[in-house]
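Visitor: build me a structure from this.
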Amino acid sequence: MEDKWVNRLLSWGHKYASLGGRIVLLNSVLNAIPIFYLSFLKIPAKVVKRVIQIQREFLWEGVRGGQKACWVNWRKVCQPRSKGGLGARDVKMVNLSLLAKWKWCLLQKNQPLWKRVLVDKYGDHVGGFTPGEGVRWPRFTSLWWRNLMSLEVDGGINWFTNTVRKKLGNGSNTRFWKDRWVGEMPLLQLFPRLFSISNQKEAKVRKLVMWQGGRWL
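Guide: Next comes the predicted model:
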C-alpha cells in the first residue's frame, strides 16, 4: 500500500497544485488507494503513523517536498470544513467505519453465503455485537475475524454495542440472558446469581417471555 502511495506521488512530480488542489488529490486519489485493504483488515498503529506522515508531508510540502512547517494539527485537518477543518480523511476512522459495516451486515436478517460460512465455522451466536460471556473463539479463527471482534474494544469502549439498538420483534432471535434487549446491559450481568442457576442459559426471549396486553410478561 505504501509503495502504491509513493509511486503515485512520484507520478505527480512535474505538476504543481495549490493547497486546495492537494486536499482534493489527497481525498480523491491517495485516500482511495488503500480502500480495498482498509475494508478487510484492521490497520496496524505503525502503518497508521506512516500513512499520516505521507499525507501530512504531501499536504504541506507538496510533491517535491521540503522543510515546510505543519501549521495545523492533523486531527484539526481531518475535521469537516463546517467545524473549521480541511476535510481530509482520517485513515484510521475510515478503517473502523469500513470494518463496522461488516458487523452491521452480520445483524441483518438476510443470509448471504459469506455469513452462512461464518455461522458454520464459529457457531450460530455469530453477530455484530461483542461476544457474550462464555463465548470463546476457536484457535483457527482467521485474522480478519479477530480484527472484526477486537474492533469492538478499540479505545477501551464498546462503541458499536453501546450505539446500536436491537429491535426485539417476536424474540426468536434474541437470547434472554446474553443479549441486551431490556435496559443498558444483558440480564446475565444484572442478575449473575440467577443466571448461574438457570438451566436455560441459551434460551431465546420468545421461549421464556410472553407478549400480552402490549408488554412482555
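
Visitor: tell me where the model's unsure across this structure.
Guide: Within the chain, the stretches with pLDDT under 70 are 13-16, 63-69, 124-138, 152-158, 161-162, 165-166, 210-217.

Visitor: strands of that one, start to end?
Guide: Remark: strands of the chain, listed N- to C-terminal, are 211-212, 215-216; assignment by DSSP state E.

Visitor: could you list the domains of this protein?
Guide: Under the assignment automatic domain parsing, the domains of the chain span 2-93, 166-217.

Visitor: of those domains, which is nearest residue 120?
Guide: Comparing the domains of the chain by their distance to residue 120 (Cβ to Cβ), the top pick is domain 166-217, with 17.6 Å. C-beta here means a position set from N, CA and C on the backbone, and glycine is covered the same way.

Visitor: and the helices in the chain, which stretches?
Guide: 2-11, 19-28, 35-38, 45-61, 74-77, 91-106, 113-122, 143-150, 159-163, 187-190, 192-197, 205-208 (DSSP state H).

Visitor: closest to residue 173 out of these?
Guide: helix 205-208 (8.6 Å).

Visitor: buried ones in the closest one, by neighbour count?
Guide: Counting neighbours by 16 or more other Cβ atoms under 10 Å, one finds that the buried residues in helix 205-208 are 205-206.

Visitor: I'd like the numbering to begin with 531 instead of 1 from here.
Guide: Taking 531 as the first residue, the last one we looked at is helix 735-738.

Visitor: put the alpha carbons of that helix into PDB.
Guide: Listed in PDB are the C-alpha atoms of helix 735-738, where the atom choice follows Å, rounded to 0.1, in the frame of the first residue of the first chain:
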ATOM      1  CA  VAL A 735     -36.700 -14.400  24.700                       C
ATOM      2  CA  ARG A 736     -39.700 -15.900  22.900                       C
ATOM      3  CA  LYS A 737     -39.300 -19.200  24.900                       C
ATOM      4  CA  LEU A 738     -39.100 -17.600  28.300                       C
END
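
Visitor: residues making contact with it?
Guide: Defining contact as Cβ atoms under 8 Å, 6 or more residues apart in numbering, one finds that helix 735-738 is touched by 698, 700-702, 704-706, 709, 711, 730, 746.

Visitor: narrow the residues you listed to those that are buried.
Guide: Among the contacts of helix 735-738, those buried by neighbour count (16+ other Cβ under 10 Å) are 698, 701, 704-706, 709, 711.

Visitor: all set, thanks.
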